[in-house]
Every structure is written in C-alpha cells, then in structure tokens.
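Student: just need the structure, nothing else, for what follows:
(chains A, B, C and D)
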There are 4 protein chains.
Amino acid sequence: MTGNSAFPKPTRRLKLGFVGGGQGALIGQTHANGARLSNRWDIVAGALSSNPKRARTSGQDWMLDENRVYSDYQTMAREESGRSDGIDAVVIVTPNHLHHSVAKCFMEHGINIICDKPLTKTVDEARELLVLKLRAGVVFGVTYAYSAHVMVRQAREMIRRGMIGEIRQVHVEYFQEWAINITDSGEDAPWRFKREYSGDSMTVADIGTHAAQLASFVCNKPITSVNAEFLVTGSPKQLEDTAFMRLRLNKTIPGTLMVSQAAAGTQCGLRIRVHGTKASIDWQQEKPESLSFTKLDSPTQVIDRGYTAGMLEPATHLVRMPRGHPEALTDAWANLYTEFAIAIDARQHGSTLPDNLVNYPDIVDGVNGMFFVDAAINSNKKGDWVDCEQVSKVNQHRAD
Amino acid sequence: MTGNSAFPKPTRRLKLGFVGGGQGALIGQTHANGARLSNRWDIVAGALSSNPKRARTSGQDWMLDENRVYSDYQTMAREESGRSDGIDAVVIVTPNHLHHSVAKCFMEHGINIICDKPLTKTVDEARELLVLKLRAGVVFGVTYAYSAHVMVRQAREMIRRGMIGEIRQVHVEYFQEWAINITDSGEDAPWRFKREYSGDSMTVADIGTHAAQLASFVCNKPITSVNAEFLVTGSPKQLEDTAFMRLRLNKTIPGTLMVSQAAAGTQCGLRIRVHGTKASIDWQQEKPESLSFTKLDSPTQVIDRGYTAGMLEPATHLVRMPRGHPEALTDAWANLYTEFAIAIDARQHGSTLPDNLVNYPDIVDGVNGMFFVDAAINSNKKGDWVDCEQVSKVNQHRAD
Amino acid sequence: MTGNSAFPKPTRRLKLGFVGGGQGALIGQTHANGARLSNRWDIVAGALSSNPKRARTSGQDWMLDENRVYSDYQTMAREESGRSDGIDAVVIVTPNHLHHSVAKCFMEHGINIICDKPLTKTVDEARELLVLKLRAGVVFGVTYAYSAHVMVRQAREMIRRGMIGEIRQVHVEYFQEWAINITDSGEDAPWRFKREYSGDSMTVADIGTHAAQLASFVCNKPITSVNAEFLVTGSPKQLEDTAFMRLRLNKTIPGTLMVSQAAAGTQCGLRIRVHGTKASIDWQQEKPESLSFTKLDSPTQVIDRGYTAGMLEPATHLVRMPRGHPEALTDAWANLYTEFAIAIDARQHGSTLPDNLVNYPDIVDGVNGMFFVDAAINSNKKGDWVDCEQVSKVNQHRAD
Amino acid sequence: MTGNSAFPKPTRRLKLGFVGGGQGALIGQTHANGARLSNRWDIVAGALSSNPKRARTSGQDWMLDENRVYSDYQTMAREESGRSDGIDAVVIVTPNHLHHSVAKCFMEHGINIICDKPLTKTVDEARELLVLKLRAGVVFGVTYAYSAHVMVRQAREMIRRGMIGEIRQVHVEYFQEWAINITDSGEDAPWRFKREYSGDSMTVADIGTHAAQLASFVCNKPITSVNAEFLVTGSPKQLEDTAFMRLRLNKTIPGTLMVSQAAAGTQCGLRIRVHGTKASIDWQQEKPESLSFTKLDSPTQVIDRGYTAGMLEPATHLVRMPRGHPEALTDAWANLYTEFAIAIDARQHGSTLPDNLVNYPDIVDGVNGMFFVDAAINSNKKGDWVDCEQVSKVNQHRAD
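Tutor: Next up, the predicted model:
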C-alpha cells in the first residue's frame, strides 16, 4: 500500500559511503535519514571528517565498521573501489569548495556520486565535473531535495498537463533569518561567509540555487536570464546575505526571485507561485503537504498529498503515507534516495530506467545552478540583465 | 465601548456630495458605505454621472433630494457652495483623468476634497493641485483606504516604537486577476486600459500606488528610488498589467514591490512584510484582522485586532468591534471618513487636531503616489534606477 | 454592482428607534452600525437608558433630536406611534428580562419589532409574545446576526440543494473567554450572571442560542432533543458558564453543541461543521469570508464570498463587496437590517415579499431559542435526553 | 546537531522482528519506517502473514534473510529466542484479536514487545497481558504514536509546568471519513467492522483510544468516567462508526471526545484543545509542527517545533530537524522506536533509564485504553455515566 510499489522492487540494499557529515553536521544526518527511510541503502563507510579524531568518533556514532572509517577521501575511494562489497555510491557533504575534488576522485574510481548543492565553487569546476561524469558513465545525483516532495512533483505534472494554461508569471522566494547577526570576521565565522570556500556568493549559491532549481523544475523551463541585486541586510559581511532578482524563464516568461538569510522572523520560507493563463499553483516548503490550485474566478482547491481525487502520476507513486498522515522533509529526501538507488541499480544491470518514474535532480541541475549563480553575480556587478548559460538534459530518461 | 471614543465627539453630521459613483460604480458605494458606517456624514448631493439620465436615476437610487442631483460638477460646486446647508466636502470618484479638474473646481469654491487615488493623470496636475490646496486651505484627503485598517496602524506604531529594530527589508505585493483576459481594444474596454484616461500607466497607477503608499506609511519612510519593469502578462494591451520593482526607502532600505492585475488565482492579494534587525511584521489585506509579529528565533505572535494585550495606540482608538467580532474593509473606509470629518470639523472650528489621533492619507500621499508612478515609468523606459521626488508632510498634525 | 440590487429598491429610508443601547453598550452600536451600513434606516429616536441622565447624554452622542430622546420606553411608544413621522420599528437592546415588556408595549402601539436574543427570560413570555405578534401583524425580527453572513446563507443553500448529500452529523461550538475570572457576587457583576435577569441559564441562553439557531438554520432542520450538561469552569457563579450537549436534529440527525464563556484563549469561536453522505461544510465566525467544502476523498474547496464560481443564490444577492474585499460582522448586521426594512416596507405596502430573497431570523427563531434553552436546562437537571418543543415557520415567505 | 544527542548513544542497532505487516498492510510499513528512521534497529525477521505464500513474498519484499521468514509466529518466537543473534523485540501488527496470543507467546520466550493499539480485544485479555508483562520483566511498548510528536511532548510539558494554569476543559476529537460507505456484510468487509475480530467496538477501539490516550497523556491525568453515545452515521454496520462522549479527567475536569470514521470531508482530524485558568493549547495531528498557545486576552503564540525560544525539555531532545525543516508522522514513529530501543538497551544492560528522557506509551496505556473502551461501551448501553478503571504507571521511569 505504500506508493513506492510502482517502482521496480529492489533485490538488495545498496551500499553507501559518506565524505563529510561528521559530528555536528546536520546535513550529513539529513542525507543519512533519507537513505535510511528509503530502505534502499545501508550506510557502510565514511570519511566523515578531515579531522582524524572526529572522523573516528563520528564513525562510532554512525555505527560503522571501524575498517571502513577513513580519515581521507582518497584512501576511501581507493579502498572501497577495491572491495567486492564496496560502496555503490558516495555522498559528498563537505564544504562546497571541496565538492569538485572529491567528486572527481570517486568518479575516477568508477563510483556513483550523490553530491550536495551548490555543485562546486566555480563554474569551471562544474563544467569539468560534467565532462568527467559523461566520460565515467556514473550516476551523479545532486540533492535539490525540495524538488522531491510529492506535491512539488504534483505541481510540475499539473503544469505539464496544461492545467494552469500557459505560464505567465513565476515567483519564488526563500527567506531565512539565521545569518542576520553573524559576521564573517573571527575564527568561528561559518565557512559559507568566506570567499575562499564559497566563491563570490553566499546566499545565492546556498539557497538561491534551491529557489532557481525549484522554479525551473516545476515549470519545466530553464532560467535564461537574470537581473540581480546582491545586498547585505544583516551584520556586515563580505558576501551577500540577501538578493532580489527579476528573471526570464525560457526567454519569455517573467519572474522574480527573492532570497535572504537575514530576514528576521523567517526560517525556511521557500515558496513558489506559478500563474498561468487559466489558473495558478502555490506551494510552500514549510507546509509541504498541500498544494493550492486556483482557477480564474473559482474557489481555491487545496490538494492534499495522498491517493486523492486530483492527485496525478508521477506524484502518487511517491506517496508513502495516506492523506491525513503527514509526510515531510525526510520523506522528500527518502524519495531522492529511492530514485538514486533505482538509477544506480539500472546502471548496474544495464537496464533502462522505467519511463516517467524517475525525476531526480542530477549533475545537469547542478551545473545549471552554477550558471545561475554566475549570471547573478555578473548581473549584480553590471547592474543589468545577464543571460544564463544552460545545459539541457539530453539523453535523459524523461522527455517532457 | 466603541474605540472611537478617543476621538472628539461630533456635534452634528457633516454633509457630503459625490462627483461620480453612479449606477454600476462599485467605488462610489464603497466610499458611501464608509461614510455611512462612520456616522459622521449625511450624503446629500451628487453629480453621480456625466450622463444626465444616469445621474438622475442614480440620484433616486441614492435617495437624494432631487434638487441636489446635478448633471455637471461645475453647477454642483457653484450651487452647493452657495447654500447655507451646502456640502462640507465633495468625494471625487470619477475616472482618474477628471480628478484634477473636479478638485480644482471645488477647491475654488472653498469646498473640502476627498479624492480617490491615483490623485491625477499626470505629475504636473498633481503638483498644481497641491499648490491650490495650500492656497485654499481646504482639507484634502486621498483615499488610500488600506492604510486605515486598524492592524496597519498597529504595524506602523510597532515599527515606530522600534519593536522590529531597524528596518532592513520591505516587501510589498498586490496581485489581482481581473484584467487577465481583457484587452484595450473594442468599445467596452475599461477606461483604465487607455492612455487617454490613465496616462502612461495602468496597474502601477491603479494598485501600485496602493502598495507604495502602504509601504511608505507602515515604515514611515519615503520611497526614494525605484528600479521597475513593466510587463503585459495577460491579454495584449497598451499599458502594463504587471510590474516588478526593486526599491529603496529612505535611500538605504532595500525593498521589492510586485503588482499584477493579470495574475490568475488572485483577488486583492495585497501583502506587506517588513523585516527589521530584531523582528518582522506581516499583514495581508484579505485577512486584515490579524498581524503576524515574529521576533528572531521566537514563536510567531498573531496579534488580533481588539483591546488586547499587544495592541497599541493609535490603533486601539479606531477599534469599532471587540476582538473576535471581525471588522473588514468597510470599517477601514469608515475610519478614513471619521478622520476626514474630524479634520474638517477642526478646520471649521479653527481648532487644532488632536495629537496622534489622525493619520489619514492626504494630498501629500497623493502627490507622492504620482511621483512614484512617474519614477516607475521612467525607470522602466531606462532600464535602470530612477529617483523618486518626494513631498514631505510639513505642517502636519503628526511629526513622527 | 452591489449585490443588494436583487432586492426591491427602497424609495425612502425607514425610521428607527432604540430602547436600550446607551453609553457603554456595545450591542447598541452594533445594531446601529448595521442599520447605517444598510442605508435603509435613519435612527431618529431612543430611550437609550433607564437612567434619565444617561439617556440624555446618549441621545446627544447619537445626535438624536432632543425631542425624540425619551427616558422611558412607554412614553416613547406612545409618542412615536402618534407622530406622522414616527418610527417604523423599534430595536430592543435592553437586558434580557425586559425584552418581553418592551416588545409587548410597542406591539400594542402597532410598531414593528427588532429584538436582540435571547427573546425573553422565560418560555412563557416567549409564547405570549408570539401570540401578540400574530395578533398585531407586525414584523418581528430577532437578531441572530450570524445567520445573515453571506457564507452562512451559502452553506444553507448548498445543503438545501443536496450538495453534501443527506445530513449525518452536525457539530457546532461557541467558545469565549470573557467570563473566566468574573464572579456573580459584588455590585459590578454583570446582570447576565444573575437569575433575576437571566432566568436559569447564562451561557446557553446568551450564546448557546446563537449556536443552536445557526445549526438549525444552516441545516434547515429543527433541534428536536438535547442531552445537556451545565458546568461552571471559570470563577464560581450561580449560572453555568459552560455547557456540553448532544443533540438530535429532526429527530434522527445526531449532533454536538459546545459552549463556554470561560474557555481561556478563545474570543468568539463560533464554528459549524455539517457532514453529509457526500461532503461536508465548515464555517467559522471569526473568518466569515470563506466556507470550506470538502467532498469525499477530494480536495477541499475554499469558497470565498463574492460573485465567484461556486457561489449561489440566495447568498450572492447579499454580496456588498467583491471577492477579495473583505466583509465582516457589520456587513452581516447590515444584511439583517436590509431584510427587516424590506419586510416592513412590504407590510406597509401590503405587498408580498420577494420570493427567496428574505431569510431573516424572526420571532419563530426567538421562540425556538427559548424552547432550546428550556430543554437544555431540564436535560441538565434530569441528566437525560429531553425533547425540544418547536414552532415551525408557517405562513412564512419561504418554504424550503 | 540532531536533537537525539541528549539520549544515551547506542553501541549497536537492535534486532527487530514483525508478526503481521505483510503485503498490503500499511501499518507494518509505518512501524518499519519509524524503526528505520530511528537508526536504532535492523529488521531481521518476520512472520509477516498467516498466509504462507504471502509471508514468503512479503519476506522478499522486506529483503529478509529467507531463513528468518516464518509462516507462524510460534515458530518465530521459538527459533528467534534460540539464536544468539535473535530479535531484541517483536512488533505485533496483526488484527486486534490476535494481539493477546502473539504477545503472550513472545513474552513466554522473554522477548520484548512492541504492540499496536488497541492492546487486545477484551479487557480481560489486557489484564492478563499486564500480569504476564510484570512477570516476564520485558519492555512492552504500545504504539500510541501521536503522543511521540515533539509538539505533543511540548504541550504536555507546558501544562506540567503550569503554563496554562489549572486545567478546566479538555476537548479532543478524531474525525475520519474512510468507513462512510463501507458495510460489514460481504467477504471484503474489513475485519475491523466485525465483532469476532474487534469485540464490541470498532471506532472507539480503533481511534477513540488514540484520542483518549492523547488527552490523558497531554494533561497527565487519567480519564475517570465517560458518558458515551455510539452511533452509525455511515452505511449500516454492526459496530459503531461514530461516538460522542462527555468525560471527566481526574474525576473533576470536564471534557468532550468526538470520534467518527464516517465524517465526510475528514482524513485524520485528530485535535486536542486544553483550556486552563490562564491559557489554552491547541494541537492538530494533520499540522503537527506547531502548537498554538494563547494566554487570556493575549495574542496567540504559534510555537514551531525546533530549538526555538519557547521550546522546552523534554520536547527539544527529540528534535531531529531544525525549525522550518518539517518533521511529520514518521518522525513521531521514529521517536517511539528510539525510546523503545533505549528502554530495551537499558534492560539488557541492567541500567536505569535516563531521567525525564523516555515517555513512551507502554502496556499501562494499552490497558487503560481497554478500560476506556469498556467504560464507553457500558455507558452507551446504560445511557449514563460510567466510571473508568485505571492502572497507574507505578515504578515508572518518570513521576510527574
């Protein structure tokens, strides 16, 4: 009765290793919880910290076999690729500036990649990873997890079927408050605030990429140009903690994108609104279970996640709990980890992916995210519109 | 037990006349309902339509004495100013391009003005009215009615007292759908869509001015520059039905302003969010009875209109019904008409206005609205930031 | 463009007098505001207080002609009935125990009655008023104002058309907090708490009657039996401040009714939910503008007041402001006062009422309210089910 | 950074087996998902169905070692208790009438029990299990999962600290619609509808027990008497699909409890409201992330789950994701499975449980649930109040 029954059944759990994610790292636990809930993975190895002692104690916390707790990722890549029971994929949850080296190393050992976003520190690194990925033939997922919520899939499908008519306006925003009183000076300043780790953007790279990917995914249209302004609205810092943009999707559709990590009174205020010629949809990350759908001059329909009138494939096959039994963020992560497992399983068996079933964000989303950040940085410098480069998902499993 | 008890008690109802607002005109009824609910006015005269027959039948509908139903505003101004029981104020609810002539005419007869927004068709007309108003010494209200909601006054007062800290971001939006399928061709096309009546802006002039005035009022800061893009997202038309802007308030505070009258699935989606260094406020026109107030890292407080802990003067004195007994838009209009009456009464008695009690929008708001529209038009043409001219409320009853 | 256009147009405003409602009395203002907003009434006379001095100063506050400010209701009835421009109706907003005498007196002078609820202190008084009303032939409205909200009319109509199927469960609740720390001892104790003014019930009589009338009105079914428990959950007092009941509507439909005036954290928490064989509706007084309608296994539809797909006659003709322009409690009162005026106008002209247009609560609702209170009191004493007597609306304008 | 860090760290994952929960059984997946997300358990064995073929294919679906897939629970209990790597606990998710035999069997083999609710079919069976449990010394959890939501723990703690004053009213309701069109005739009728499986109550046993346990847990008070009415409001069936009750908690506190599985338009509408002398709390299962807290005459505070001002131990140590990153039902189940694991670990190591950290529902809640059902059945028969028997949590880890 779980929705996942539409997926090909697994015959075994895959093996997963982590680089980064040691003690104190929330994002490591978030990935791990998604993997556990998916029931498609066993977490068996890790280079959980670049600090050897923390790597070891984190390994104990994770209840890993001590032989598979590594203090550097190169050793981990080499040893795991040599084992008959080696990891099927590596999760990369290091600070952003290391994604490139770690991903490159594991791809060179033929290991599938699950990488956090933003993909890299620079556009050039992102391009290089894409070339390497195509050469290595590995599966390369990038964890834009919001796009794996059932109701985000539902929104995308409704739009794809023309239920809102032609798209005419897209508004996406992501407001947080955590950085409001943080400066980038001092030893304790988070790495995110510093150019050496984050490149030329903090907030746009960190959560702007989420907002951009969500807009692009839900509308199934690329962001083709941006007119961006970077701001510091919290305590002084080198990099922006706030940015306001106007967008074009697919060259013609106007939109706006607002992000801040210094907006008092907000937590994870990610929201997307798409207005078409016939109707609109509205989805909010903090209340992910329902999607508002309002036709012109008509009552709003609140579509609740579940096997309900109004719910559509390919959203329903991801339903884990019936309507009224709330799912949330970990369920979205589990959806991602389920899709990653299916893709890797298909690669290992030389089979093609089931049509319409797998929509996970991958390196193409990751590279496009970097193009978006780059265009935003340049637009902010120029004070004018800048085009976004785009890679399209060629040879992908799904043609929309 | 009604909140209005803080106001000076009226000794008689004032007399009100209307120019425009005849049959089929919602805005006339809206003004009239506000005046009636305020219990400060009797509606006694009108040039309700430029069509004589409609003027007459509208006069019957309004139950006006037939001797005070006029078919042109000039006659009305002349006759009413000559009567011992003539009108104390005229309400101007004609199409925008006539506001200037009508206001000018009534001011020349010494009659107080209550004018709908936007103030005029052009900036020059607005400037001229301001000069005439200062010369005539009349009261000149402009009906930015949203700023008369109790919880908008509350928001302004909380900010004024520093309860959100320093203002760091302001976001205001106003989304409607009604113009999505309307074009400006054909005889039935609304006058709003045509340059000859509306000047160079439809939506920014019509509802953008509301959004801008609300932002400026709540924050008690002028909008000093705009970076605007005008768009047509509904059916083709000469003037914009949508605009997205970035703003500066008081030269330093960044903000955004989004307006559309072609956003499917929306009605009167006016919302303002102000984020400060310590907290934020959030108010929505369609749910005007509560104000969200969220301090950093704290539970959201939902402040409901009423005589409740958390409610402050000068909001509470406008409370008409206790908490839990909902007020709404007509109550906001009644607040306006109460304040207009108090101001006119004070003028007639040569008395000064009670301190802190009267915050109605007036010709200064109207002129600033026109400057805002003008700056937005120019910014859209230039594709760059444009400064907004500003008049400040000198010699006003309240210095904040 | 106002919804009231479906009503017969008035040719003059009717004249209204008040008994009770003087200084400090919220309920008087509430009635008066409804009358003003309806634009069908001029308030011209009053015996606003039994205290002569307060009657006089209240009369000044209300800007009444001093000749029509009375210090006792008998004089007012006599004099007003003798004037050619005498009042068309009297509003009775005295403490409950006086409703009977005042109504009787004015009916004896042939004056139409608008009486607050509960109708009387005792069932016998209520019966007597009904007899007198039928004999006098006057219009006798009872101000169960919640049933005049547009969306309550909409709910009733949807149910009448079978849109929820057969009614199977009805749940109504009304929670307030104001009496939690009030006792009935001391001079300042409100009259509501005392048997001499309120009879054998405080909260059930005061707000239980609202809840019961709303349930009965929306479902168009009588309450035929109750199983009630009276409680004091706030500070000690003679009469109940809380009651929980099980009900039967129309002998077969089970329901519940909960009321309290000592429920901390609540204001006017009146809510009705009706579950049928096919769907349910849900309406809340504090958010009166929308009605939730949920079919089996389907998205909830949020029907907003306005001229919108999904809105039905006889709700739409009451619409005063378009969707997105919120109405609220005073609008509901204005609907009542509009309907009272139409009924009185029809009586004066010997015409029949427009079919389907008028659904105002009247003395029948008032009498049934008293039967309900009486049955609840008896059920609480017996600890068992007690049948409710019922008067049906024979010879009424509308047969459902 | 996950909240669970306050718990004692596990050194190994415990081993879990299932009786029931095979293909098509949602509840089995729900338990399993909670266990997986907790990261405290490996699911290693199962008698997943009484149908041998389904047991086998379900075992494959669950990726169990085929040697540990059993076709009857007796064999499973015997063999698992004999293995050095045998299960640490068994989850019982069979139809209700089998809980007793299965639990008895596994307790006889010294295996810890995690049993779904209601505990048994009859009160006598429940009593017997309690005796056996005390004798066997095993840990015996009963999965009233709603009481493991972080914000339910928060509500309980706020009440325990006196933040709402003395409790004066408790209202709990649980509305579902799924049984509205189901009858108990025909082969496909669910077992829940039949006396032979469910005893003398369907809905009260199935979800009434949830509501009762939640009320009792949040208030930390026993339900001491009930006045219940059982109804069939959906299609005809032997057992009730709806019940309305009045309650007493701790002999003095009045409350209401409403449950239905035939209320069109509802899914899992579990809600609890507790009103005290100073404030109230309000929590809804379908929006589990926030708790409304309203003091007398004050703004409502919406307390969001997270490490936020206003959040208290022992709720915060269960926080898995920060505020704004929604948790949901599976997180509540994971909290339960974490607490079960800690309790079993403590038993195995002969250590005492960490004070204040573990509040899982256990056999005492299960037995009290059966007493509640029994009292409700008897009250419905008698048409009067019936006292509830109660077991108190003696020798429990926490004395409140």
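
Student: please compute how far the strand or helix carrying A:I27 lies from its chain's middle.
Tutor: Assigned by DSSP states H and E, A:I27 belongs to helix A:26-38. Centre-to-centre, helix A:26-38 and its host chain are 13 Å apart (C-alpha atoms, centre = their mean, to the nearest Å).

Student: moving C-terminal from it, which element do we reach first?
Tutor: Next along the chain from helix A:26-38, counting by DSSP H and E, comes strand A:41-47.

Student: the very next helix or strand once past that next one to strand A:41-47, inter-axis angle?
Tutor: The helix or strand immediately downstream of strand A:41-47 is helix A:52-61, counting by DSSP H and E. Per axes from the mean of the first three to the mean of the last three C-alpha atoms, to 10 degrees, the angle that helix A:52-61 makes with strand A:41-47 is 160 degrees.

Student: quick one: buried residues of helix A:52-61?
Tutor: Within helix A:52-61, the residues that qualify as buried are A:54-59, A:61, counting by 16 or more other C-beta atoms under 10 Å in any protein chain shown. Backbone N, C-alpha and C define where each C-beta goes, glycine included.

Student: about what we covered before: and the helix holding A:I27, what does it pack against?
Tutor: strand A:14-19, strand A:41-47, strand A:89-92, helix A:329-348, helix D:26-38 (3 or more C-beta pairs under 8 Å, 6 or more residues apart in numbering or on different chains; DSSP states H and E).

Student: go with 6 Å
Tutor: helix A:329-348, helix D:26-38 (3 or more C-beta pairs under 6 Å, 6 or more residues apart in numbering or on different chains; DSSP states H and E).

Student: next, the angle from the longest one to helix D:26-38.
Tutor: Which is helix A:329-348. Using the same axes, to 10 degrees: helix A:329-348 against helix D:26-38 is 90 degrees.

Student: as a whole number, average confidence for helix A:329-348?
Tutor: Helix A:329-348 carries an average pLDDT of 96.

Student: quick check: next helix or strand after it?
Tutor: helix A:363-382.

Student: quick check: next helix or strand after that next one?
Tutor: Heading C-terminal from helix A:363-382 (DSSP H and E), you reach strand A:386-387.

Student: where does the prediction get shaky in the stretch 1-150 of chain A?
Tutor: Low-confidence segments of the stretch 1-150 of chain A (pLDDT under 70): A:1-7.

Student: for chain B, what's the nearest residue on it?
Tutor: Going by C-beta to the nearest C-beta, chain B is nearest to A:L26 of the stretch 1-150 of chain A, at 16.3 Å.

Student: roughly how far apart are that residue and chain C?
Tutor: Separation of A:L26 from chain C (C-beta to the nearest C-beta, to the nearest Å): 34 Å.

Student: next one: A:N380
Tutor: 36 Å.

Student: one step back: tell me which residues in the helix holding A:I27 are buried?
Tutor: In helix A:26-38, counting by 16+ other C-beta under 10 Å, buried: A:28-38.

Student: repeat that for stretch A:134-147.
Tutor: Buried residues in stretch A:134-147 (16+ other C-beta under 10 Å): A:136, A:138-147.

Student: how about the residues of the stretch 301-400 of chain A that lie near chain D?
Tutor: With C-beta under 6 Å from any C-beta of the partner chain as the criterion, the stretch 301-400 of chain A comes near chain D at residues A:323-329.

Student: which of these sits closest to B:T183?
Tutor: Nearest to B:T183, judged by C-beta to C-beta, of those is A:R323 at 41.8 Å.

Student: nearest spatial neighbour of the closest one, skipping sequence neighbours?
Tutor: Distances taken as C-beta to C-beta, 6 or more residues apart in numbering or on different chains place A:G306 nearest to A:R323, at 2.5 Å, with adjacent residues excluded.

Student: specify the local secondary structure of the one you found.
Tutor: Under DSSP: H, G, I helix; E, B strand; the rest coil, A:G306 falls in the coil class.

Student: now the residue nearest the centre of chain A: phi and psi?
Tutor: Compute the mean C-alpha point of chain A, and by C-alpha atoms, centre = their mean the closest residue is A:Y144, 1.0 Å away. Phi and psi for A:Y144, reported as degrees, to the nearest 10, are phi -80, psi 80.

Student: and the gap between A:V386 and chain C?
Tutor: With C-beta to the nearest C-beta as the criterion, A:V386 and chain C are 37 Å apart.

Student: now do stretch A:361-374, average pLDDT.
Tutor: The model assigns stretch A:361-374 a mean pLDDT of 97.

Student: chain center to that stretch: distance?
Tutor: 10 Å.

Student: equivalent analysis for stretch A:85-101, please.
Tutor: Distance, centroid of stretch A:85-101 to centroid of chain: 15 Å (C-alpha atoms, centre = their mean).

Student: quick one, helices of chain A?
Tutor: A:26-38, A:52-61, A:73-82, A:96-108, A:123-136, A:150-160, A:195-198, A:203, A:209-219, A:329-348, A:363-382 (DSSP state H).

Student: out of those, which one sits most buried?
Tutor: helix A:203 (a mean of 29; mean count of other C-beta atoms under 10 Å in any protein chain shown).

Student: what's that one in contact with?
Tutor: A:240-241, A:259, A:261 (C-beta atoms under 6 Å, 6 or more residues apart in numbering or on different chains).

Student: which ones among those lie within strands?
Tutor: A:V259 (DSSP state E).

Student: residues of chain A that sit close to chain B?
Tutor: Counting by C-beta under 6 Å from any C-beta, the residues of chain A that sit close to chain B are A:168-169, A:229, A:231, A:233, A:244, A:246, A:254, A:256, A:263-265, A:275-276, A:279-280, A:294, A:296.

Student: roughly how far does A:H325 sit from chain B?
Tutor: On the measure of C-beta to the nearest C-beta, A:H325 and chain B end up 26 Å apart.

Student: please tell me how far that residue sits from chain C.
Tutor: As for A:H325, its distance to chain C is 15 Å (criterion: C-beta to the nearest C-beta).

Student: go on, A:N96?
Tutor: 40 Å.

Student: please list all residues in contact with that residue.
Tutor: A:118, A:121.

Student: please apply the same query to A:V69.
Tutor: A:G59.

Student: and for the residue lying closest to A:Q154 once chain neighbours are set aside, the neighbour number?
Tutor: Closest residue in space to A:Q154, ignoring its immediate chain neighbours: A:A315 at 3.9 Å, by C-beta to C-beta, 6+ apart. As a burial measure, A:A315 scores 23 neighbours (other C-beta atoms under 10 Å in any protein chain shown).
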